[in-house]
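Participant: Quick one: sequence plus predicted model below, questions after.
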Amino acid sequence: MNISNLLFQNYKDVKINNKNAIDILNTISHTGDELKLSVYLIGGPVRDILFGKKSVDIDILINAKADLMKFIICFIKKTKIKNYEIKNYPEFKTATVKFNNTNHIDFALTRKEIYPYSGCLPVVKYGNFKQDISRRDFTINTLAVCLNKKYFGELIDLFNGLKDIKEKRLMVLHKKSFQDDPTRLFRAIRFIVRYNLKFDKQTFVLFREAIKNNYLNNISKERLKNEFILILKEENFSKNLQLIKKYGIINFIHPELKNINMNFDIIYNKSYELKLALLLYKFDIKKIKTILSNLNFDRYTISKICDLKKYLSGYKIKNLPEWTQDFLNIINFKQKSIIITGKDLIKFGLKPGYLFNKIINDVNTNFNLNTYDKIFKYIKEKYA
């Protein structure tokens, strides 16, 4: 099956440093032919194109124990692109070329992987084309398109990935897939929602077993945070959150999150920090700091979300996050007519102490407390 027409339709409007992406693919083709190497478009871009979704990504697989940097430098010279940066990852046999308009191209040599234990990063060695395809997560990610001139556009499908795309089915390649790399549990959820898929029966059994066996405890907090961010970045992040809650994955992110509301309207093109703030805004500041610190979020992100929380509680904050107004619109926030401060609590007869911030937050976010008499009675009854 040749899908060169689909490649053209997908990439015809994609630009990389003012060069058309189709021209870039042709240059990769010429480079492969000149160096006598088989080159392929692989994985995500092929998957998205066959699902009928636009892809701006270019992921290249080179079938050989070759000099990857030599290939990339030869390719760059042919394109005559001047503004670029090469990041080489020799331990993984991969490299990324980043361009000044935020586009990038990922290159990889064919590899095979060994997972010494569940959740670890794999030990990567050179492999052949079939070994490389076999190490991937799901059948829908095993599809490749030949870019060499003689066979340009020919689809290579060793594991019936095209059939699974047509039948909207998610299937792993082997029984230890989720055990080897537990982050695939998150990826499964994202694909299920994004492409409206259903689990293959055996894959679903393996999915549930992996959660039951706590394989997600084997990955680092940093990797867990990154997977959570990817969930938040999804267009329909609400449905993603509902599923990770339904299957108990949310408990591995933080147990406190399992009891919160996961129902949000679809929010287009919004910062993941905004979505994180929506998820956490009913917690007090101390709890927000605890949850985000446990997930290895940086202090800047924690500070932005906590500042917004303070603002909701009536504090004056100079530099609110750039997405604050979107956040306020989504939660239908209206500033209370009466906002109390620490000075008001002292006037009520309270002595400054550790409860002050908790009382201020509690009162200022309770819209039923709209008179000083109600506020004083509420504080007296609850915090006596």
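Facilitator: All right, it came through fine. Numbers count the residues shown, from 1 in each chain.
Participant: excluding its backbone neighbours, what's nearest L155?
Facilitator: Spatial nearest neighbour of L155, excluding adjacent residues (C-beta to C-beta, 6 or more residues apart in numbering): M1 at 4.5 Å. In this view, the C-beta of every residue, glycine as well, is placed from N, C-alpha and C.
Participant: Kindly report the same for F264.
Facilitator: When the adjacent residues along the chain are set aside, F264 lies closest to S238, with 4.2 Å between them (C-beta to C-beta, 6+ apart).
Participant: Can you pull the phi/psi pair for the one you found?
Facilitator: S238 has phi and psi values of phi -60, psi -50 when expressed as degrees, to the nearest 10.
Participant: Strands of the stretch 1-150 of the chain, residue ranges please.
Facilitator: Along the stretch 1-150 of the chain, the segments classed as strands by DSSP state E, counting those that start in this stretch run 15-16, 19-20, 38-42, 58-63, 84-89, 94-99, 104-109, 111-114, 123-126, 144-146.
Participant: just how off-centre is the first one within its chain?
Facilitator: Between the mean C-alpha point of strand 15-16 and the mean C-alpha point of its chain there is a distance of 23 Å (C-alpha atoms, centre = their mean, to the nearest Å).
Participant: Return the list of strands paired to it, each annotated with direction.
Facilitator: Taking DSSP bridges as the criterion, strand 15-16 pairs within the sheet with strand 19-20 (antiparallel).
Participant: Just the pLDDT at the residue most central in space within the chain, thanks.
Facilitator: Among the residues of the chain, the one closest to the centroid is L230, at 1.3 Å (C-alpha atoms, centre = their mean). According to the predicted model, the pLDDT of L230 comes to 95.
Participant: What of A66?
Facilitator: In this model, A66 is scored at 89, pLDDT.
Participant: how about the closest residue in space to it that isn't next to it in sequence, what does it touch?
Facilitator: In space, not counting the residues next to it along the chain, A66 is nearest to L37; the distance is 5.7 Å by C-beta to C-beta, 6+ apart. With contacts taken as C-beta atoms under 8 Å, 6 or more residues apart in numbering, L37 has the following neighbours: T31, I62, N63, A64, A66, F71.
Participant: now those residues as TSV including neighbour count and distance to S271?
Facilitator: As requested, those are arranged in TSV below (neighbours: other C-beta atoms under 10 Å; distance: C-beta to C-beta, whole Å):
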residue	neighbour count	distance to S271
T31	24	38
I62	26	36
N63	20	39
A64	18	41
A66	18	40
F71	23	36
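Participant: from the residues you listed, which two are the most distant?
Facilitator: The span of the contacts of L37, defined through C-beta to C-beta, is set by T31 and N63 at 13.6 Å.
Participant: between the two, what contacts are shared?
Facilitator: Counting by C-beta under 8 Å, 6+ apart, the residues touching both T31 and N63 are L37, V39.
Participant: Quick check: which ranges of the protein have low pLDDT?
Facilitator: 101-102, 265-269, 334-338, 367, 384 (pLDDT under 70).
Participant: any idea how it splits into domains?
Facilitator: Per automatic domain parsing, the structural domains of the chain span 1-165, 335-382.
Participant: Strands along the stretch 251-384 of the chain, start to end?
Facilitator: According to DSSP E, counting those that start in this stretch, the stretch 251-384 of the chain contains no strands.
Participant: Run through the helices of it in chain order.
Facilitator: In the stretch 251-384 of the chain, the segments counted as helices under DSSP state H, counting those that start in this stretch are 272-280, 285-294, 299-312, 324-330, 342-347, 356-364, 372-382.
Participant: Tell me which of the ones you listed is the most buried.
Facilitator: Here the criterion is mean neighbour count by mean count of other C-beta atoms under 10 Å, and of those the winner is helix 272-280, at a mean of 21.
Participant: From the chain's centroid, how far away is that helix?
Facilitator: Taking C-alpha atoms, centre = their mean, one finds the center of helix 272-280 at 14 Å from the center of the full chain.
Participant: Stretch 217-232 now?
Facilitator: Stretch 217-232 has its C-alpha centroid displaced from the chain centroid by 9 Å (C-alpha atoms, centre = their mean).
Participant: I figured A64 hits T110, correct?
Facilitator: Yes - the pair A64 and T110 qualifies as a contact (C-beta atoms under 8 Å) at a distance of 7.0 Å.
Participant: sorry, back to before: closest one to R208 among the domains of the chain?
Facilitator: Closest among these, using C-beta to C-beta: domain 1-165, at 16.0 Å.
Participant: Could you tell me the end-to-end distance of that closest one?
Facilitator: For domain 1-165, the separation between the terminal residues is 15 Å (C-alpha to C-alpha, to the nearest Å).
Participant: Stretch 213-220 too?
Facilitator: With C-alpha to C-alpha applied, stretch 213-220 spans 16 Å between its terminal residues.
Participant: got the contact list for it?
Facilitator: Contacting residues not belonging to stretch 213-220 are listed as 117-120, 178-179, 182-183, 185, 210, 224, 249, 252 [C-beta under 8 Å, 6+ apart].
Participant: Please pick the buried ones from those.
Facilitator: When neighbours are counted using 16 or more other C-beta atoms under 10 Å, the contacts of stretch 213-220 contain these buried positions: S118, G119, F178, Q179, P182, T183, L185, A210, L224, I249, F252.
Participant: Okay, and the fourth one sits in which element?
Facilitator: Right, Q179. Using DSSP states H and E, Q179 sits in helix 177-180.
Participant: Pull out the CA atoms of that helix and give them to me as PDB.
Facilitator: Below are the C-alpha coordinates for helix 177-180, written out as PDB (Å, rounded to 0.1, in the frame of the first residue of the first chain):
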ATOM      1  CA  SER A 177       4.700  -4.300  27.700                       C
ATOM      2  CA  PHE A 178       3.200  -2.500  30.700                       C
ATOM      3  CA  GLN A 179       5.600  -4.200  33.100                       C
ATOM      4  CA  ASP A 180       8.600  -3.200  31.200                       C
END
